[in-house]
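Enquirer: take this sequence and fold it.
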Amino acid sequence: MPSVADSSVFVLIGPGGVGKGTVARLLIERDSRLWLSRSWTSRAIRPSETGSEYVFVDRATFEEAIADDRFYEWAEFHGNLYGTPVPNPPAGTDVLLEIEIQGAAQVKSRHPQSTVILLLPPSLEELESRLRARGDTDDHVQLRLGSSDFETSVGREIADFVVTNHTLDETITEILGILNDVRQSRD
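Expert: Residues are numbered from 1 along each chain as shown. Sure, this is the predicted structure:
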């Protein structure tokens, strides 16, 4: 049975609202060798979400999974729990994780050869615009903007690559190039 040890692990991180979910979805669509591990969260579904973005569970269910050691990484962020179940990718695929900064540090510790890609917004104004466009409340927008400096600073410390998300096409092309370069260096 395949496991994460048989795959390259690519980790996509960045401040909330930077576009990680959209970028991850497009990378999966354009690279048949990528498998997206779907994270869990204890937070509520946003108005802009369909429910397929995460496995949405209550806090008690999440805490039970922590106790059962079912997560590859997990963290509490802004009062909600987020985590990645231990990946079990299909044979011949690489794992893509779209996770929070704290979780990325855990993955890097557990799987040092993983590749962390920090996705940044072109500006704080653009980040605010993206947060508002996805339906976040004013309080949540301010909370996210307030933590973006910390997320960016820590992200830069653990990231192997930094990509600014100016336009989706440019961002996807740049990240696909990174994935191919990493794969070639490991062959």
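Enquirer: in this protein, which helix is the longest?
Expert: Longest helix in the chain, counting residues (DSSP state H): helix 138-158.
Enquirer: contacts for that helix, please.
Expert: Helix 138-158 is contacted by residues 13-17, 78, 101, 104-105, 108, 116, 118, 120, 124, 127-128, 131-132, 136, 162 when judged by CB atoms under 8 Å, 6 or more residues apart in numbering. Yep, even glycine has a C-beta here, placed from its N, CA and C like the rest.
Enquirer: mind listing what's buried in the worst-scoring helix or strand of the chain on mean pLDDT?
Expert: When the helices and strands of the chain are compared on mean pLDDT, DSSP states H and E, helix 124-133 comes out lowest with a mean of 80. For helix 124-133, burial by neighbour count (16 or more other CB atoms under 10 Å) applies to 127-128, 130-131.
Enquirer: for residue 81, which non-adjacent residue is closest in space?
Expert: Closest residue to residue 81 apart from its sequence neighbours, by CB to CB, 6 or more residues apart in numbering: residue 42 at 4.2 Å.
Enquirer: that neighbour against residue 80, yeah?
Expert: Yes: the pair residue 42 / residue 80 is scored as a contact, 5.2 Å apart, by CB atoms under 8 Å.
Enquirer: so for the two, which sits in the more crowded spot?
Expert: Set side by side, residue 42 and residue 80 show more neighbours around residue 42, with 19 against 14, by other CB atoms under 10 Å.
Enquirer: quick one: pLDDT of that one?
Expert: Residue 42 is assigned 96 on the pLDDT scale.
Enquirer: what do you get for residue 177?
Expert: We have a pLDDT of 98 for residue 177.
Enquirer: with residue 159 instead?
Expert: pLDDT, residue 159: 97.
Enquirer: now intersect the contacts of helix 138-158 with the helices, please.
Expert: Per DSSP H, the contacts of helix 138-158 map to helices at 101, 104-105, 108, 124, 127-128, 131-132.
Enquirer: quick one: low-confidence parts of this protein?
Expert: 1-6 (pLDDT under 70).
Enquirer: do a quick rundown of the strands in it.
Expert: Using DSSP state E, the strands found in the chain span residues 9-13, 34-36, 40-41, 55-56, 71-77, 80-85, 94-98, 115-120, 161-164.
Enquirer: now residue 120. Nearest residue, chain neighbours left out?
Expert: residue 164 (4.9 Å).
Enquirer: what residues does that neighbour make contact with?
Expert: Contacts for residue 164 (CB under 8 Å, 6+ apart) come out as 119-122, 171.
Enquirer: return the member of the buried residues of helix 124-133 nearest to residue 21.
Expert: residue 130 (11.0 Å; CB to CB).
Enquirer: for that closest one, what are its contacts?
Expert: With CB under 8 Å, 6+ apart, residue 130 has these contacts: 17-19, 121.
Enquirer: ok, so of the residues you listed, who is nearest residue 92?
Expert: So of these, ranked by how close each gets to residue 92 (CB to CB), first place is residue 19, at 27.9 Å.
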